[in-house]
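Undergrad: Build me a structure from this.
(one chain, ligands or ions: 1)
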Amino acid sequence: MINNNNVLIIGAGLCGSLLALRLAQRGYKVDVYESRPDLRKVDISAGRSINLALSDRGLKALRLCGMEEKAREICIPMFGRLMHDRAGNTFASNYSGRENEYINSISRGDLNAILLDEAEQHENVTIHFNSGCKKVAIENKIAYFKNYETNEQFKVKADVIFGTDGAGSSLRKSYVSERKFLFSYSQNYLNHGYKELEIPADKNGNHQISKQHLHIWPRGDFMLIALPNRDGSFTVTLFLSYDEGEYNFNYLTSEENIIAFFEKEFPDALALIPNIKEEFANNPTGPLGTIKCSPWSYQDKTLLMGDAAHAIVPFYGQGMNASFEDVFVFDEILNHFEDSQETINWEMVFKTYHKARKKDTDAIADLAIDNFYEMRDHVANPLFKEKRQLEMNLEKTFPNQYSSKYSLVTFNEHIGYKEAMDKGRAQDKALLNLIADDEVHTHLEITQKELKVILEKVLQETNEILKEDKIAGL
Ligand code: FAD
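TA: Model prediction:
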């Protein structure tokens, strides 16, 4: 098939730049319009999450585009969580009992930059920076822009338009305002927002706490996390309610209150954040929300992808991974349609993609909310710790027979999020029931034979729960 389609992509963030690269590799002529300046030339990180956890689903999509190795070069592997209590004691919990399963801390800016570099290697890709999309006339496939350097307004017509312009998508807003079709849309904010702080490198440029872990200070109603950067620093994120509870962002407006809060709740972290007063005052507080909408496409003309279609809260570390996986799934569908037709039927491609993908992005949105409660609260709970310990043992001893919910979601790139969620939730229920009923024990000297019995009980009970859920139509 000859590709003579002119593709317009709105937004050169993580999803847009990977999509541009993949479509260019497939031979499309791609123009990408990005509202911000070129992040390779201007530092625009302020206010955006600086580092992210990259895991198998994201890596799978990067591999498809030949970018896995380049991404791995700028990653720091994190093998588990390291929990910090108020007294400064720590305990570790691996992400998996299998040694080759870990997540990676990566700089958003550096990752975006290598994708832009690679996309620009293709002569059929042009990236236009400082060009913010104001609206899209979806019927005519015309996008309207403003150039933020010259203030010039201009419009671009394309054969097909992709909106990868993030949670505040201009294309999605045009779906709502143009009222051309039945477009369902929901946006739910958590009462919590986030603020980023920094643990700098020590004077030798080294990390001051373990760089092999994602650090968590779980405190019930709020929490602090920290991910390592390659320059020896950590990006620390406080997740806290805007206005509820004893401590909240509205309360933390004076230096005294901020310091008193950290001294009481996170004394070991406070000792490592020298510029807390300035950073707390100057760094923005960002909202956290879930966006679901449907359908993502309009006829054969436009499609939403990435956060523009399905923004989620960050607690499973999967927003970027899901957005990258979008590109992977879309590519598989293109394979099918490009092979079977002379000219591409975009309407069928979009519909097929939506049908294949929507259930999975809905699932990860729900899982991410579940993990909000798990990370800030349950990780310090003795029953949860017992369950995690048992899961680690099961994964280590029976690597081909058992995967925890976390592993199913994070490391099993060959099953969708929905399947991972259904199986993972049933397994969790089975395990917790068995522990609560004293049917399984997690004592240290557990023998392989005893573990085998536990595995069989868990698998059997999981299957029964899955069957019951199916009957109940859940
Ligand atoms: P974005 O990254 O938002 O990119 C959108 C792009 O479009 C931007 O470059 C923007 O400037 C541009 N744009 C916006 N509007 C316009 C317009 N009108 N015209 C032109 N261009 C426009 N995900 C993970 O997988 N792991 C994590 O650990 C993780 N941690 C996170 C932590 C926090 C605090 C937050 C908030 C998110 C986190 N995420 C994480 C989620 C991840 O950041 C997003 O899912 C991911 O950035 C989505 O990529 P995207 O390209 O769809 O959107």
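
Undergrad: Just the helices from the stretch 351-474 of the chain, written as ranges.
TA: 382-397, 405-410, 417-436, 448-471 (DSSP state H, counting those that start in this stretch).

Undergrad: which residues of the protein score low on pLDDT?
TA: Under the criterion pLDDT under 70, the flagged ranges of the chain are 1-4, 45-49, 340-341, 376-377, 379-380, 441-444, 472-474.

Undergrad: OK, contacts around H310?
TA: Counting by CB atoms under 8 Å, 6 or more residues apart in numbering, H310 touches I291, K292, C293, A322, T361, D362, I364, A365. All C-beta atoms are positioned from the backbone trio N, CA, C, and that covers glycine.

Undergrad: Look up phi and psi at it.
TA: Per-residue torsions, H310: phi -160, psi 70 (degrees, to the nearest 10).

Undergrad: For it, give its distance to the ligand.
TA: Distance, H310 to the ligand, by CB to the nearest ligand atom, to the nearest Å: 9 Å.

Undergrad: K173 too?
TA: Relative to the ligand, K173 is positioned 9 Å away (CB to the nearest ligand atom).

Undergrad: K135 is in contact with that residue, correct?
TA: Yes. In this structure, K173 is within contact of K135 by CB atoms under 8 Å, at 7.3 Å.

Undergrad: Isn't M348 up against E338?
TA: No. Using CB under 8 Å, M348 makes no contact with E338, being 11.6 Å away.

Undergrad: that older thread, I'd like to know which of the helices of the stretch 351-474 of the chain lies nearest to the ligand.
TA: The closest of the helices of the stretch 351-474 of the chain to the ligand is helix 405-410. By CB to the nearest ligand atom, the value is 10.0 Å.

Undergrad: Now do that closest one: which elements does it pack against?
TA: Contact partners of helix 405-410 among helices and strands, from 3 or more CB pairs under 8 Å, 6 or more residues apart in numbering; DSSP states H and E: helix 417-436.

Undergrad: and the helix it packs on, what does it pack onto?
TA: Judged by 3+ CB pairs under 8 Å, 6+ apart, helix 417-436 is in contact with helix 346-376, helix 382-397, helix 405-410, helix 448-471.

Undergrad: Give me the phi and psi for V156.
TA: Torsion angles, degrees, to the nearest 10, at V156: phi -130, psi 130.

Undergrad: Chain neighbours aside, what residue packs nearest to it?
TA: A143 (5.2 Å; CB to CB, 6 or more residues apart in numbering).

Undergrad: how about that neighbour, secondary structure?
TA: Taken by DSSP: H, G, I helix; E, B strand; the rest coil, the conformation at A143 corresponds to strand.

Undergrad: dump the residue contacts of it.
TA: L8, I10, Y33, C133, K135, V136, A137, K155, V156, A158, I161.

Undergrad: Can you tell me which of those is nearest the ligand?
TA: For those, the nearest to the ligand is C133 (3.6 Å; CB to the nearest ligand atom).

Undergrad: Around the ligand, pick out the residues from this structure.
TA: 10-16, 33-36, 49, 52-53, 132-133, 164-166, 168, 170, 194, 237, 286, 306-308, 314, 317-321, 323 (CB under 6 Å from any ligand atom).

Undergrad: Return the list of helices and strands in contact with the helix or strand hosting A281.
TA: Taking DSSP states H and E as the definition, A281 sits inside helix 276-282. For helix 276-282, the packing partners by 3+ CB pairs under 8 Å, 6+ apart come out as strand 184-199, helix 255-265.

Undergrad: and the gap between D437 and K457?
TA: Using CB to CB, to the nearest Å, we find D437 at a distance of 10 Å from K457.

Undergrad: more crowded one of these two?
TA: Under the criterion of other CB atoms under 10 Å, the comparison of D437 against K457 puts K457 first, with 16 against 8.

Undergrad: burial of the spatially closest residue to Q299 that is not a sequence neighbour, as a residue count?
TA: Residue nearest to Q299 in three dimensions, not counting chain neighbours: E347, with 5.5 Å by CB to CB, 6+ apart. The number of residues packed near E347 is 13, by other CB under 10 Å.

Undergrad: tell me the contacts of E347?
TA: Contacts for E347 (CB under 8 Å, 6+ apart) come out as S297, Q299, D300.

Undergrad: ditto for N130
TA: N130 makes contact with E34, S35, R36, P37, N147, Y148, E149 under the criterion CB under 8 Å, 6+ apart.

Undergrad: repeat that with 10 Å
TA: 33-38, 42, 145-150 (CB atoms under 10 Å, 6 or more residues apart in numbering).

Undergrad: In a markdown table: those, plus neighbour count.
TA: Formatted as a markdown table, the contacts of N130 follow (neighbours: other CB atoms under 10 Å):
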| residue | neighbour count |
| --- | --- |
| Y33 | 24 |
| E34 | 25 |
| S35 | 22 |
| R36 | 16 |
| P37 | 14 |
| D38 | 14 |
| V42 | 11 |
| F145 | 21 |
| K146 | 15 |
| N147 | 16 |
| Y148 | 14 |
| E149 | 9 |
| T150 | 9 |
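
Undergrad: mind giving me CSV with the residues you listed and columns for secondary structure?
TA: CSV is the format used below for the contacts of N130 (three-state DSSP):
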residue, secondary structure
Y33, strand
E34, coil
S35, coil
R36, coil
P37, coil
D38, coil
V42, coil
F145, strand
K146, strand
N147, strand
Y148, coil
E149, coil
T150, coil
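
Undergrad: N248 and the ligand: what is the separation?
TA: Plainly put, N248 is 18 Å away from the ligand if you go by CB to the nearest ligand atom.

Undergrad: ditto for E139
TA: Look at E139 and the ligand: by CB to the nearest ligand atom, they are 19 Å apart.

Undergrad: how many neighbours does that residue have?
TA: Neighbour tally, E139, other CB under 10 Å: 12.

Undergrad: Without its sequence neighbours, what residue ends up closest to it?
TA: K180 (6.3 Å).

Undergrad: does that neighbour really touch I138, like I thought?
TA: Yes. The criterion here is CB atoms under 10 Å, and K180 meets it with I138 at 6.0 Å.

Undergrad: Hmm, G232 is touching D202, no?
TA: Yes. Contact criterion CB under 10 Å: G232 and D202 qualify, at 7.0 Å.

Undergrad: Give the residues shared as contacts by the two.
TA: Each of Q208 lies in contact with both G232 and D202 under the rule CB under 10 Å, 6+ apart.

Undergrad: okay, those two: which has more neighbours?
TA: Using other CB under 10 Å, the more surrounded residue of G232 and D202 is G232, with 17 against 12.

Undergrad: Can you classify A92 as helix, strand or coil?
TA: Here A92 takes the strand state, with states given by three-state DSSP.

Undergrad: looking at the sheet around it, what are its partners?
TA: On the basis of DSSP bridges, A92 is bridged to L82.

Undergrad: For G245, list the residues it contacts.
TA: Applying CB under 10 Å, 6+ apart, the residues near G245 are N191, H192, G220, D221, F222, Y251.

Undergrad: Quick check: it is in a helix.
TA: No. Under three-state DSSP, G245 sits outside any helix and is assigned coil.
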